[in-house]
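Participant: model this:
(one chain, ligands or ions: 2)
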Amino acid sequence: MNPFSYTRAYGLDTAVEEKVDGADFVAGGTNLIDLMKENVTHPQHLIDINHLPLQEIEETESGGIRMGALMRNADTAYHPLVEQRYPLLAQAILAGASPQLRNMATDGGNLMQRTRCYYFYDTATPCNKREPGSGCSAINGFNRIHAILGHSESCIATHPSDMCVALAALDATVHVKSKRGERSIPFLEFHRLPGDTPHLDNTLQADELITAIELPAKGFADHYTYVKIRDRQSYAFALVSVAAALELDGTTITDVRLALGGVAHKPWRDTQAETLLKGKQATRENFQQVAESILANAQGFGHNTFKIELAKRAIVRALLEATQNEHKS
Ligand SMILES: Cc1cc2nc3c(=O)[nH]c(=O)nc-3n(C[C@H](O)[C@H](O)[C@H](O)COP(=O)(O)OP(=O)(O)OC[C@H]3O[C@@H](n4cnc5c(N)ncnc54)[C@H](O)[C@@H]3O)c2cc1C
Ligand code: SF4
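Facilitator: Ligands and ions are numbered 1, 2, ... in the order given. Modelled structure (predicted):
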């Protein structure tokens with residue numbers, strides 16, 4: 001491991017003051033420390049943000065909730081406000097990692113976790129995300145877990161988070177702070193597609209700290225589900241996942257949200273495809289139609305081509321399950 005200095009921040013102003021070039025925040029450390037051990041990243045200075053006052057969930061005036069960035073993933077999933085009003089988020093978080101990891105990992109860190117592309121972790125291979133301009137080993141390599149939507153010639157990596165798929169469906173907002181002030185980023189603009197700058201995973205500026213994630217009042221608590229298809233039943237990242245949320249008037253769909261994980265460089269939400277379902281009947285045929293529409297421009301790279309059909313089936317299954325689900329609390 002490379003040498004680095006370390007400080008603890010006790011106030012938000014101090015934390016952002018210290019975030020100069022070469023410095024990195026550390027929260028739960030479950031991704032960053034792995035990347036440092038693998039020599040993928042080597043910050044010269046770590047700012048431990050675990051003592052910042054960002055560990056609460058509070059209700060907002062508009063009827064939503066604001067989750068402090070340092071809420072542990074487990075505490076978020078089991079928080080009564082999340083369980084009752086945003087069960088889709090709770091289900092997605094609990095589909096990820098393991099209990100030990102969820103106890104340590106924070107919500108802010110979850111948004112910032114990096115791809116699980118094998119070549120990104122293997123410093124002996126070219127990777128544009130790790131070393132811009134070096135090439136992409138995955139495009140002609142073993143690309144079973146890679147993207148089928150939104151990829152570029154520079155990078156076909158996927159975003160690995162489960163939590164972020166639910167946050168995309170629920171129209172979250174990310175609140176951030178820097179020395180320059182505070183701003184809010186709509187969730188669908190937070191993560192980015194790779195284009196020719198795949199080393200940039202998101203639109204957060206280098207000197208910004210995530211302070212909170214806000215959810216609007218609408219939580220789709222009556223008809224929702226998170227379907228995660230993976231190689232093992234637990235402790236595995238998604239090959240394909242689907243967050244589905246519906247509002248129904250009888251069997252008529254009055255509102256719908258669909259977000260996919262494991263298929264693109266960011267949680268994938270196709271709002272145009274969602275409109276296909278609004279006002280329609282909640283039937284398998286209509287669900288199949290929206291699945292075809294979402295995957296219409298999908299492209300595989302050999303080992304991952306199976307994901308196109310898998311994603312279609314996962315969408316139909318998720319929508320059927322969401323239709324039948326009744327919130328139990
Ligand atoms: C074995 C294993 C299995 C896993 N399985 C899954 C899974 O199935 N599904 C899933 O979704 N995740 C999974 N994870 C990932 C896990 O959820 C993430 O590692 C975790 O959420 C990261 O949070 P953290 O607080 O530990 O972040 P850290 O490791 O502390 O930080 C990660 C990055 O975020 C930055 N950061 C952290 N907080 C902030 C902030 N407030 N503002 C700005 N930047 C910040 C850090 O600077 C760093 O760059 C797995 C991880 C492991 C190790
Ligand atoms: S897919 Fe992206 S992360 Fe993986 S090797 Fe190619 S450039 Fe690197």
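Participant: spit out the contact partners of T115.
Facilitator: The contact partners of T115, by Cβ atoms under 8 Å, 6 or more residues apart in numbering, come to K129, A157, T158, H159, P160, D201, H265. The C-beta positions use only the backbone N, C-alpha and C, and glycine is treated the same way.
Participant: got CSV for the residues you listed, with neighbour count too?
Facilitator: Below are the contacts of T115 laid out as CSV (neighbours: other Cβ atoms under 10 Å):
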residue, neighbour count
K129, 24
A157, 27
T158, 30
H159, 25
P160, 20
D201, 20
H265, 26
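Participant: which pair of those residues spans the longest distance?
Facilitator: Considering Cβ to Cβ, no two members of these lie farther apart than K129 and P160, which are separated by 12.7 Å.
Participant: shared neighbours, these two?
Facilitator: Common neighbours of K129 and P160, counting by Cβ under 8 Å, 6+ apart, are R114, T115.
Participant: where do the helices sit along the stretch 1-150 of the chain?
Facilitator: Counting by DSSP state H, counting those that start in this stretch, the segments of the stretch 1-150 of the chain that form helices are 12-17, 32-37, 73-77, 80-85, 87-94, 99-104, 107-112, 118-121.
Participant: could the ones you listed be laid out in a markdown table, adding mean pLDDT and mean neighbour count?
Facilitator: Supplementary listing: the helices of the stretch 1-150 of the chain in a markdown table, determined by pLDDT from 0 to 100; neighbours: other Cβ atoms under 10 Å:
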| stretch | mean pLDDT | mean neighbour count |
| --- | --- | --- |
| helix 12-17 | 98 | 16 |
| helix 32-37 | 97 | 16 |
| helix 73-77 | 98 | 22 |
| helix 80-85 | 98 | 17 |
| helix 87-94 | 98 | 25 |
| helix 99-104 | 98 | 15 |
| helix 107-112 | 98 | 25 |
| helix 118-121 | 98 | 20 |
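Participant: hmm, back to that, go through the contacts of T115 and name the one nearest ligand 1.
Facilitator: Distance to ligand 1, by Cβ to the nearest ligand atom, is smallest for P160 among the contacts of T115, at 5.7 Å.
Participant: contacts only, for that closest one.
Facilitator: The neighbours of P160, taking Cβ under 8 Å, 6+ apart as the test, are Q113, R114, T115, R116, F237, A238, G261, G262.
Participant: try R130
Facilitator: The contact partners of R130, taken as Cβ under 8 Å, 6+ apart, are V40, F120, T123, H199.
Participant: what's the burial count for E58?
Facilitator: 10 (other Cβ atoms under 10 Å).
Participant: also the one 5 residues further on?
Facilitator: Using other Cβ under 10 Å as the criterion, G63 is surrounded by 12 other residues.
Participant: and it, how far is that from ligand 2?
Facilitator: Computed with Cβ to the nearest ligand atom, to the nearest Å, the distance linking G63 and ligand 2 is 39 Å.
Participant: which secondary structure element contains whichever residue of the stretch 201-329 of the chain sits closest to ligand 2?
Facilitator: In the stretch 201-329 of the chain, the residue found nearest to ligand 2 is H265; the distance is 8.3 Å by Cβ to the nearest ligand atom. H265 belongs to no helix or strand when elements are defined using DSSP states H and E.
Participant: tell me if I'm right that it and P198 touch.
Facilitator: Yes. A contact is recorded between H265 and P198 when judged using Cβ atoms under 8 Å, the distance being 7.3 Å.
Participant: what touches both of these two?
Facilitator: The contact sets of H265 and P198 overlap at C155, A157 (Cβ under 8 Å, 6+ apart).
Participant: can you name the residues of the stretch 201-329 of the chain that neighbour ligand 1?
Facilitator: L209, I210, F237 (Cβ under 6 Å from any ligand atom).
Participant: now the buried members of those.
Facilitator: Under a neighbour-count criterion of 16 or more other Cβ atoms under 10 Å, the subset of these counted as buried comprises L209, I210, F237.
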